[in-house]
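> sharing a sequence plus its predicted fold:
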2 protein chains.
Amino acid sequence: MMKNQRTSAIESGMKLTDLGEKKIIKYLEQFLDIGDDAAYLKLDDRYLVMSTDMICAKTHLPKEMTWKQIGKKVVTVNFSDLAAMGAEPIGFLLSYGSPDMNFEDFDGLIRAVNKQCIKYGAKFLGGDMNQTDELILAGTALGISPKPILRSGAQVNDILCVTGYLGSASLGLDVLAKSYDLKDLKDANEVLNSVLEPEPRIKEGILLRKYASAMTDISDGLATSLYDIAEPSGVGIKLHLSEIPLLNSAIKVANELNLSLMDYALYGGDDYELLFTLPEKNWKEIKGKINATKIGKITEKEGGIIGIKDGEEIKIKRGGYEHFCKKSNFLEKHGKYPETVKK
Amino acid sequence: MMKNQRTSAIESGMKLTDLGEKKIIKYLEQFLDIGDDAAYLKLDDRYLVMSTDMICAKTHLPKEMTWKQIGKKVVTVNFSDLAAMGAEPIGFLLSYGSPDMNFEDFDGLIRAVNKQCIKYGAKFLGGDMNQTDELILAGTALGISPKPILRSGAQVNDILCVTGYLGSASLGLDVLAKSYDLKDLKDANEVLNSVLEPEPRIKEGILLRKYASAMTDISDGLATSLYDIAEPSGVGIKLHLSEIPLLNSAIKVANELNLSLMDYALYGGDDYELLFTLPEKNWKEIKGKINATKIGKITEKEGGIIGIKDGEEIKIKRGGYEHFCKKSNFLEKHGKYPETVKK
């Protein structure tokens, strides 16, 4: 009986990996209201905004990360979801699980969590600790916003923008994974810094809640985030690939290694930047106040999600990191498996 | 330099298991405000109350639990912490990690989470999903209270009370772990129900926030919870062991297996009940409205934490379940290792 209410793609006996994270979440959206970067609840004249994100050593953390960097990152990934809703953080909780370890490392991690909370005006409110086989950090961030910016608000003719620089974090992950020897240590360090010391775009999100029509963070990759805005908004997107902001150091590192930084920018993920849309007239309100770049335009739905590259239109396919996914999306969609996608 | 600021018990090179969960939390309390059942933040004229609790298959879940029961339990353990603060739940988030599994089991778990949220007036707001080696569920509950009831408010001459019945959940865990054959299936089922289908004492917590001076949940065991109230309140406790409420079915099962139900009640844990103190004059306000039992009295600090058993005074030692603990507390404190403590 229940079966009939399910999406047709789901059949009895299926495993989670037969579906993949995105399809599972789509299914759950049928009875749960969970389709944005963070959850929100109205409380009087404002909104509580909440996000929970789990970091697992195996899938999320390069072995080069220090304990302090891990502590900082679990706060950043959760605050990034608040930033994407235009919320300011007020509190943070941590459910911690690990095998036995040195107390001083644990202490360093906890102090780094606390420091990152204080940096963004939030209070580290404690949590729970457990002995587990693998390192698991489940953070929960609580924030407040007078008006959460959803993914679904993009309007035809809005401009599409992004904060910061894309692709350097996932490029950095590959540099670490493959232990590449790099010529320029300064460039290499800047690239590695993107993956080891990411910061959430809280200040940007707070400014943008006045001007943006839709917003999401792009930690799962730019390509998938374009769909995350276009689908619920019922619009199309024209993306100018040449406008995508790239770090000079990342360009140099990618060139040296003969890798396509554009692939990392589109499909790599791990960039804790904000993708947002706004009416063209609002651009002057944010220009110069935050580091943001116009990269495209919102079109009618029928236009699809199109990239302009060297004057030609190319279709941008959904892709990026996904849990419970048997095949890399990149492989599935692009037919090749470059040095560009987290495994 | 930092070393001098640490508690003297912590030395360089120590492991988490050299300290144990309780000592680690005591250390963290020096710079974090984390010493109660849940965290709270003032927002206008009320408080946001938040708790996060991680459930790991290995340490928390008997293999007999169904996926639906697991989903229900992760909500209960978090809502129980809200209940202990006198808060009403408004929202719940789940960070989910598991190996690949049947989609229908996952679906059953998620629907059970949703159902348990709705039962207590809260909204299941989504969360995060990850592929992990072991099953890990990190829940976060958000609630509201006009006045959080802390552990630290107990006053000399207050009476000490507890909701529900104690010891049956941990007795049930042992019945499952050891596959005991039991004569009376009805009794056995009632005992097993305490561990497989626990409910949070939300209604009780909401009533008690008007009358209680201190409150905590006793999921780590009654003995350790006595200390959790006595130490921050700066008081002593006289506990009448004969008054501790026990389920008839649990008494019969424990007798049949020649086990001490009192040991389970004091040290077993997993009872999602509330331990609270209140001025004697307030007893009439709650009597008959909730299932609660007077079990003792608050005394001067110098009195210590004392149990009265057959007219004689016995010292109740701290004990109960603890992560990162090399030895069972029960073993350490009591010199024997009965069938009573979760391993």
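Cool, got the structure. Residues are numbered from 1 along each chain as shown, chains lettered A, B, ... in the order given.
> how far does the one helix or strand A:Asn130 maps to sit from the chain's center?
A:Asn130 belongs to strand A:123-131 when assigned by DSSP states H and E. Strand A:123-131 sits 24 Å away from the centroid of its parent chain (Cα atoms, centre = their mean, to the nearest Å).
> and stretch A:229-238, by the same measure?
When distances are taken as Cα atoms, centre = their mean, stretch A:229-238 is centred 18 Å away from the chain's centroid.
> contacting residues around it?
Stretch A:229-238 is contacted by residues A:35, A:150-156, A:160, A:214, A:216, A:226, A:275, A:277, A:296-308, A:316 when judged by Cβ atoms under 8 Å, 6 or more residues apart in numbering or on different chains. Where you see a C-beta, it was placed from the backbone N, CA and C, and this is true even at glycine.
> what subset of these is buried?
Buried by 16 or more other Cβ atoms under 10 Å in any protein chain shown: A:35, A:150-154, A:160, A:214, A:216, A:226, A:275, A:277, A:296-299, A:303, A:305-308, A:316, out of these.
> who are the packing partners of the strand or helix carrying A:Ala169?
For A:Ala169, the host element (DSSP H and E) is helix A:168-177. In terms of contacts (3 or more Cβ pairs under 8 Å, 6 or more residues apart in numbering or on different chains; DSSP states H and E), helix A:168-177 is packed against helix A:185-196, helix A:248-256.
> which of the helices and strands in chain A ranks last by mean pLDDT?
None of the helices or strands of chain A scores lower by mean pLDDT, DSSP states H and E than helix A:329-334, at a mean of 36.
> can you give me the angle the helix holding A:Ala169 makes with helix A:248-256?
50 degrees (axes from the mean of the first three to the mean of the last three Cα atoms, to 10 degrees).
> residues contacting the residue nearest the centre of chain A?
With distances taken as Cα atoms, centre = their mean, chain A has A:Ser219 as the residue nearest its mean C-alpha position (1.5 Å). For A:Ser219, the contact set (Cβ under 8 Å, 6+ apart) comprises A:Val77, A:Ser80, A:Gly269, A:Asp270, A:Asp271, A:Tyr272.
> show me where chain A has its strands.
A:39-43, A:46-56, A:88-98, A:123-131, A:136-145, A:159-163, A:214-217, A:236-240, A:274-278, A:292-299, A:305-309, A:312-315 (DSSP state E).
> roughly how far does the closest residue to A:Thr293 other than its chain neighbours sit from A:Tyr165?
With Cβ to Cβ, 6 or more residues apart in numbering or on different chains as the criterion, A:Thr293 has its nearest non-adjacent residue at 4.4 Å, and that residue is A:Pro245. A:Pro245 is 5 Å from A:Tyr165, where distance means Cβ to Cβ, to the nearest Å.
> per-residue confidence for the closest residue to A:Asp100 other than its chain neighbours?
Nearest residue to A:Asp100, sequence neighbours excluded (Cβ to Cβ, 6+ apart): B:Thr17, at 4.8 Å. Here, the pLDDT recorded for B:Thr17 equals 90.
> for B:Thr17, give its distance to B:Ile24.
Separation of B:Thr17 from B:Ile24 (Cβ to Cβ) stands at 10 Å.
> quick check: neighbours shared by these two?
Shared contacts of B:Thr17 and B:Ile24, defined by Cβ under 8 Å, 6+ apart, comprise B:Phe324.
> what is the end-to-end distance of stretch A:150-158?
End-to-end distance for stretch A:150-158, by Cα to Cα, to the nearest Å: 15 Å.
> can you list contacts of it?
Residues contacting stretch A:150-158 (Cβ under 8 Å, 6+ apart): A:35-37, A:85, A:160, A:212-216, A:228-230, A:232-233, A:235, A:277-280, A:297-300.
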